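>>> sharing a model that was predicted from the sequence below.
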2 protein chains.
Amino acid sequence: MRFSATGTDAMTELAALLERHLDAIPMVRAMQVRVGDIGAATVRLHAPLGPNLNDKGCAFGGSLVALMTLAGWSLVEARLQSAGHAADVFVADSQVDYLAPLWDDLAADATAADGEDWDEFLGVFAARGRARIAIAASVPLPAGGMAARMRARYVAIARR
Amino acid sequence: MRFSATGTDAMTELAALLERHLDAIPMVRAMQVRVGDIGAATVRLHAPLGPNLNDKGCAFGGSLVALMTLAGWSLVEARLQSAGHAADVFVADSQVDYLAPLWDDLAADATAADGEDWDEFLGVFAARGRARIAIAASVPLPAGGMAARMRARYVAIARR
């Protein structure tokens, strides 16, 4: 796999690139989002609870969905970057389940949804300059289980 | 209808109550959300574009979904308040379509989803201390059409 062949330096560079992108968004700065682990198949984003509280003292639903959506966006962007493509990545639609309150710092993990294939996505993108992929993301609870989960479709369009 | 029978003073009081609730959430303050029209069947929320930009110069998707989710929450809260109920209102799940970029200030309109009935919702809540309703919300584009739309289910639980 092209992606897992990239080394630690490339990963660090990719994380820095994603953070520069994310930090250009005022609400993402307000959420204090930072990029965590970038693996071959997953991206994890983090955000502290403090700026992401709701009025009940647990994590704000708007922050949960934003963090999951950004994690999915970051994963698609990372895979395209690693394959040497320059693209704009947009979220097209999403389904979110809010499952349990989170009284701790936020993390969101994104991975390709069941049935999706990165090689196929990158092949279509290379051929047509446009491709679509479904991403699954979730916010883990410290004791196991999930605070929220999402399935979203992203569209990548080649940058001219 | 109980709701439309409330006068202008009651509406102003309701708007102030919703704004106090919303202002208790740091990200909502960062988004600069304010309560607009509260009608018998709809609530409109506003937010300026500035703090809600993405890295492309249009409205950030996370802000669109947060504003729609908050508009739905505000509508359910408003209907319960107007009927004299004290409840905690939670979003259970949502489906969002991101349709077009928005290069202007944000607004989100919430209304009951097709097939839902406020009298039934309030009747179930009064009887069981718990009820569920689906809300439709959208972010209008200045020239007509929508930047995004949402369908979400909310659960209201009587406050003891």
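Looks like it arrived, so ask away.
>>> near chain B, which residues of chain A?
A:21-22, A:24-28, A:30-31, A:50-56, A:60-63, A:65-66, A:69-70, A:88, A:90-98 (C-beta under 8 Å from any C-beta of the partner chain). Quick note: C-beta positions are derived from backbone N, CA and C, even for glycine.
>>> so which of these are in strands?
Judged by DSSP state E, strands contain the following of the residues of chain A next to chain B: A:88, A:90-98.
>>> now do the lengthiest helix in chain A and strand B:87-98, the angle between them.
Looking across chain A with DSSP state H, the single longest helix is helix A:61-82. Here helix A:61-82 points in a direction 30 degrees away from that of strand B:87-98 (axes from the mean of the first three to the mean of the last three C-alpha atoms, to 10 degrees).
>>> point out where chain A drops to low pLDDT.
A:1-7 (pLDDT under 70).
>>> any idea which residue sits dead centre in it?
residue A:71 (1.4 Å; C-alpha atoms, centre = their mean).
>>> report the contact partners of that one.
A:43-45, A:108-110, A:137 (C-beta atoms under 8 Å, 6 or more residues apart in numbering or on different chains).
>>> same deal with residue A:50?
A:32, B:26.
>>> distance of residue A:158 from residue A:107?
31 Å (C-beta to C-beta, to the nearest Å).
>>> ok, those two, which is more surrounded?
residue A:107 (19 against 15; other C-beta atoms under 10 Å in any protein chain shown).
>>> can you give me the helices in chain A?
Here chain A has its helices, by DSSP H, at A:8-23, A:26-31, A:61-82, A:118-128.
>>> other SSEs contacting the second one?
If you count contacts as 3 or more C-beta pairs under 8 Å, 6 or more residues apart in numbering or on different chains; DSSP states H and E, helix A:26-31 packs onto helix A:61-82, helix B:26-31, helix B:61-82.
>>> related to what we said a few turns ago, alpha carbons only: can I get the longest helix of chain A in CSV?
Taking C-alpha atoms only, helix A:61-82 is exported to CSV below (Å, rounded to 0.1, in the frame of the first residue of the first chain):
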residue,chain,number,x,y,z
GLY,A,61,-23.0,17.8,20.3
GLY,A,62,-21.9,20.4,17.8
SER,A,63,-18.3,19.8,18.7
LEU,A,64,-18.7,16.0,18.5
VAL,A,65,-20.1,16.2,15.0
ALA,A,66,-17.6,18.8,13.9
LEU,A,67,-14.6,16.7,15.2
MET,A,68,-15.9,13.5,13.5
THR,A,69,-16.5,15.4,10.2
LEU,A,70,-13.0,17.0,10.4
ALA,A,71,-11.4,13.6,11.2
GLY,A,72,-13.0,12.1,8.0
TRP,A,73,-12.0,15.1,6.0
SER,A,74,-8.4,14.8,7.3
LEU,A,75,-8.3,11.1,6.4
VAL,A,76,-9.4,11.7,2.8
GLU,A,77,-7.0,14.6,2.5
ALA,A,78,-4.1,12.5,4.0
ARG,A,79,-4.7,9.6,1.6
LEU,A,80,-4.8,12.0,-1.4
GLN,A,81,-1.7,13.9,-0.3
SER,A,82,0.2,10.6,0.3
